[in-house]
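**Q** Got a predicted structure here, sequence first:
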Amino acid sequence: MPEEKPRPLSLGAIFYDIIFTFVIVRLARNLLFTNAGALDWRSVAAYALLMLAGWTVWTYQIIYASRVQARTVRDTVFLAIDMFLNIYLTTTLTVFHPAPESSTKLTTALLLLSIAVQYCLDGRAGWRKHLVFVAPLITGSLLSVVSILPGKSFAGTVVFCAAIAVPALAPWLGYHRKPEEISHFKTISQRLSLFTVLVFARAIVQFTDSLADLDIPSVLFFLITALLMVSYTMVASRGVNMETTRSSMLAILIHLPITGSVLMMANVTRMYVSGRLLPEHFAFWMIALMALYTVSIGAYLGLYHSEGVNLSYKHIFFYAVSFAIFTLFGLVTVRFDIFFMLGTCAYLVACILYLWQFILNPPTES
């Protein structure tokens with residue numbers, strides 16, 4: 001199959017990505033809550049599930065934009081429909097007591113169906129060309145509708161989870177069965193990088209009010225977010241081969257824990273600053289989310305590194321030991337938030353310097 005010219009990144013796509021960052025920020029704000037000074041595990045599970053659902057929808061859309069010829073009118077109509085459904089979805093979300101609302105399930109079904117129709121309308125027999133994407137989308141849409149029937153019972157929740165899992169996981173498992181179909185990795189990587197930077201911006205914006213009062217924990221979290229963004233931009237600019245024409249589904253998947261961990265760090269810090277989260281729980285979640293972010297960045301760099309990048313076992317060992325020291329420091333300073341966050345900043349600075357000096361720009365052996 002001859003390779004087509006990649007579609008440029010349109011203003012409509014950028015606008016949609018901005019709207020989608022608003023959606024996932026609202027997910028965290030609407031779902032995460034505390035109980036007796038601790039982050040409620042049900043809210044974390046709800047956030048993870050709906051984050052996966054939203055990420056799946058966005059994933060199918062950026063793949064569609066990278067492999068299908070642009071049709072301005074039709075693409076604009078579907079973009080408007082999908083943006084409306086995404087925004088409306090956030091208004092249906094509350095903490096699961098004990099299951100998602102019927103409106104949440106129905107909106108999710110309509111979103112999945114809308115994207116499936118887009119693929120099917122791609123020329124003659126569009127559903128055959130994109131069967132690996134269309135089949136999971138329609139299956140997930142049907143399951144989401146079926147999950148409405150049992151109501152808020154446990155069975156209904158299980159079916160709804162399956163409705164999200166099928167379209168989320170199926171393409172990763174079946175993608176290589178159609179190697180002749182090409183997605184343009186350069187287009188996808190541009191949107192991934194832009195979207196991730198927008199997420200960092202959203203994370204910082206949540207603390208604008210506290211920054212006006214120069215609240216020290218908020219100022220330190222601002223620095224932490226800035227350092228995390230520096231580490232991401234360094235890896236994104238050197239870790240991804242921009243000349244690659246065939247996209248990898250894993251590149252998209254890895255960005256889910258990267259963006260999810262950053263957003264959740266922002267919300268955990270916001271809850272702590274407002275006095276709703278106890279210091280020990282704040283430290284636990286910050287350490288756990290920092291571990292998730294570090295592993296995800298390492299996986300991204302390891303899977304898509306370009307020439308001149310040295311990600312050897314000794315460098316991985318350095319990060320494992322440094323994170324263990326950071327964890328020990330966090331346990332010792334758990335009651336002193338300023339020292340804990342200063343230590344987090346110092347840890348990130350050390351990791352970034354090591355990343356730059358020994359991994360992205362390794363010394364040449366004489």
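**A** Nice, thanks for sending it over. Residues are numbered from 1 along each chain as shown.
**Q** ok, then the element right after the lowest-mean-pLDDT helix or strand in the chain?
**A** In the chain, the helix or strand scored least confidently by mean pLDDT, DSSP states H and E is helix 208-212, which has a mean of 58. Next helix or strand after helix 208-212 toward the C-terminus (DSSP states H and E): helix 216-239.
**Q** Go through that following helix and flag the buried ones.
**A** Residues of helix 216-239 classed as buried: 217-222, 224-225, 227-232, 234-236, 238-239 (neighbour count, 16 or more other CB atoms under 10 Å). Bear in mind the C-beta positions are built from the backbone N, C-alpha and C, glycine included.
**Q** Which elements pack onto it?
**A** Applying 3 or more CB pairs under 8 Å, 6 or more residues apart in numbering; DSSP states H and E, one finds that helix 216-239 makes contact with helix 185-205, helix 208-212, helix 249-273, helix 279-303, helix 337-354.
**Q** In this structure Leu301 contacts Ile359, no?
**A** Yes - using CB atoms under 8 Å, Leu301 is in contact with Ile359, at 7.5 Å.
**Q** Find residues that contact each of the two.
**A** Val309, Leu311 (CB atoms under 8 Å, 6 or more residues apart in numbering).
**Q** relative to helix 249-273, how tilted is the helix or strand hosting Val166?
**A** Element membership for Val166 (DSSP H and E) is helix 154-174. Interaxial angle of helix 154-174 relative to helix 249-273 (axes from the mean of the first three to the mean of the last three CA atoms, to 10 degrees): 140 degrees.
**Q** Just the CA atoms of helix 154-174, as PDB, please.
**A** Extracted in PDB, the C-alpha atoms of helix 154-174 (Å, rounded to 0.1, in the frame of the first residue of the first chain):
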ATOM      1  CA  PHE A 154     -22.500  -4.500  40.500                       C
ATOM      2  CA  ALA A 155     -23.300  -6.400  37.200                       C
ATOM      3  CA  GLY A 156     -24.000  -3.100  35.500                       C
ATOM      4  CA  THR A 157     -20.700  -1.700  36.700                       C
ATOM      5  CA  VAL A 158     -18.800  -4.800  35.400                       C
ATOM      6  CA  VAL A 159     -20.400  -4.600  32.000                       C
ATOM      7  CA  PHE A 160     -19.600  -0.800  31.800                       C
ATOM      8  CA  CYS A 161     -15.900  -1.600  32.700                       C
ATOM      9  CA  ALA A 162     -15.900  -4.200  29.900                       C
ATOM     10  CA  ALA A 163     -17.400  -1.600  27.500                       C
ATOM     11  CA  ILE A 164     -14.400   0.600  28.200                       C
ATOM     12  CA  ALA A 165     -11.800  -2.200  28.300                       C
ATOM     13  CA  VAL A 166     -12.700  -3.700  24.900                       C
ATOM     14  CA  PRO A 167     -12.000  -0.600  22.800                       C
ATOM     15  CA  ALA A 168      -9.100   0.400  25.000                       C
ATOM     16  CA  LEU A 169      -7.200  -2.900  24.700                       C
ATOM     17  CA  ALA A 170      -8.300  -4.500  21.400                       C
ATOM     18  CA  PRO A 171      -6.200  -2.300  19.000                       C
ATOM     19  CA  TRP A 172      -3.000  -2.900  21.000                       C
ATOM     20  CA  LEU A 173      -3.600  -6.700  20.600                       C
ATOM     21  CA  GLY A 174      -4.800  -6.700  17.000                       C
END
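**Q** Not counting its own residues, what contacts that helix?
**A** 49, 52-53, 55-56, 59-60, 63, 96, 98-100, 105, 108-109, 112, 132-133, 135-137, 139-144, 146-150, 249-250, 253.
**Q** again, but for stretch 187-206
**A** 6-9, 13-14, 17-18, 20-22, 24-25, 58, 62-63, 65-66, 222, 225-226, 228-229, 232-233, 236, 240, 242, 247, 251-252, 255, 258-259, 262-263, 265-267, 270.
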